[in-house]
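Undergrad: Below is the sequence, then the predicted model.
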Amino acid sequence: MSTVNGTSAADVLSQYRSQDSSSTKSTSDMGKNEFMELMIAQLNNQNPLKPQENGDFLAQLAQFSSLEEMQGISDSVQDVAGQFRSTQALQASAMVGRTVMVPSQTAILGASGEVKGSVEVPAATSSLRVDVLNTSGELVRQLDLGSATAGQKSFSWDGKDANGNDLPEGTYQLKANAGYTSGTEQLGTMISANVDSVSLGTSGKVTLNLAGMGSVGLSDVRQIN
């Protein structure tokens with residue numbers, strides 16, 4: 001797996017081109033050339049007293065034509081897959097230095113002293129709040145977001161406790177709760193984080209390395225700021 005930054009978009013594409021060009025087929029696979037050689041050998045070594053029937057020869061030619069078409073389709077699919085991976089890698093490398101929103105209940109309070117995120121609200125609620133807990137599980141702050149409609153409800157925590165005191169940098173847990181007629185329901189949260197770098201796997205998988213939050217898949221990104 002290799003890691004790239006925002007200035008290496010061209011290098012990312014060259015990596016994929018080299019990967020595609022270096023891939024070789026197994027020597028045990030039969031291609032159209034080998035198939036044609038077998039047909040010619042069969043004709044050269046057939047019994048002159050019992051030559052191959054025209055129908056059988058035409059059937060083999062039809063098989064050869066089908067094999068050639070299938071190889072052409074396979075090559076086209078590989079080309080499309082390579083172009084897709086190159087495009088995906090280029091898009092991912094352009095995200096370095098930007099801020100993304102990913103599903104997480106873990107917030108990293110850094111030097112900026114602020115954590116931004118949002119709550120995924122499935123249905124309108126008259127009471128929405130986000131509880132902030134420290135590593136010991138103690139409630140240090142409660143953010144009252146009031147009522148919310150279905151969709152994304154943004155929130156911001158200034159890194160202070162309920163008394164207005166600055167809390168130390170580190171990891172905190174966020175728990176969002178919404179009030180409904182059936183009771184209180186815990187909802188999912190998304191946290192904003194900066195993209196430090198992008199990792200490209202040999203299989204073509206793109207992974208974003210987020211500041212203080214580790215790695216997440218590109219498909220996990222819900223919003224790009």
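TA: Yep, it's here.
Undergrad: for the protein, what spans make up the strands?
TA: Per DSSP state E, the chain carries strands over the ranges 2-4, 99-103, 106-109, 115-121, 125-133, 139-148, 151-157, 170-180, 183-187, 189-200, 206-210, 214-217, 223-224.
Undergrad: what lines up beside the shortest one in the sheet?
TA: Going back to what we said before, that points to strand 223-224. The pairing partners recorded for strand 223-224 under DSSP bridges are strand 99-103 (antiparallel).
Undergrad: contacts for the strand it pairs with?
TA: Contact partners of strand 99-103, identified using Cβ atoms under 8 Å, 6 or more residues apart in numbering, comprise 117-118, 188-195, 208, 210, 213, 216, 220-225. Every residue, glycine included, has its C-beta placed from N, CA and C.
Undergrad: Mind putting the strands of the chain into CSV with mean neighbour count?
TA: Supplementary listing: the strands of the chain in CSV, determined by neighbours: other Cβ atoms under 10 Å:
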stretch, mean neighbour count
strand 2-4, 15
strand 99-103, 18
strand 106-109, 19
strand 115-121, 20
strand 125-133, 18
strand 139-148, 15
strand 151-157, 16
strand 170-180, 17
strand 183-187, 12
strand 189-200, 21
strand 206-210, 20
strand 214-217, 14
strand 223-224, 12
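Undergrad: Relative to residue 37, which of those strands is closest?
TA: Comparing the strands of the chain against residue 37 with Cβ to Cβ, the closest turns out to be strand 189-200 (39.8 Å).
Undergrad: Partner strands of the closest one and their direction?
TA: strand 2-4 (antiparallel), strand 99-103 (antiparallel), strand 115-121 (antiparallel), strand 206-210 (antiparallel).
Undergrad: Please convert those strands to a markdown table, extending it with distance to residue 142 and mean pLDDT.
TA: Converted to a markdown table, these look like this (distance: least, Cβ to Cβ, whole Å; pLDDT from 0 to 100):
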| stretch | distance to residue 142 | mean pLDDT |
| --- | --- | --- |
| strand 2-4 | 39 | 53 |
| strand 99-103 | 21 | 89 |
| strand 115-121 | 14 | 93 |
| strand 206-210 | 26 | 84 |
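Undergrad: Is it possible to get those strands out as TSV so that each row also shows distance to residue 70?
TA: Shown next, in TSV, are those (distance: least, Cβ to Cβ, whole Å):
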stretch	distance to residue 70
strand 2-4	33
strand 99-103	41
strand 115-121	45
strand 206-210	30
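Undergrad: still on that earlier bit, how about the strands of the chain, which one is nearest residue 40?
TA: Checking these against residue 40 by Cβ to Cβ gives strand 189-200 as the closest, at 44.9 Å.
Undergrad: partners of residue 199 in the sheet?
TA: Applying DSSP bridges, one finds that residue 199 bridges with residue 3, residue 207.
Undergrad: quick one: it from residue 140, how far?
TA: Distance, residue 199 to residue 140, by Cβ to Cβ, to the nearest Å: 33 Å.
Undergrad: By mean pLDDT, point me to the weakest helix or strand of the chain.
TA: Lowest by mean pLDDT, DSSP states H and E among the helices and strands of the chain is helix 9-22, with a mean of 49.
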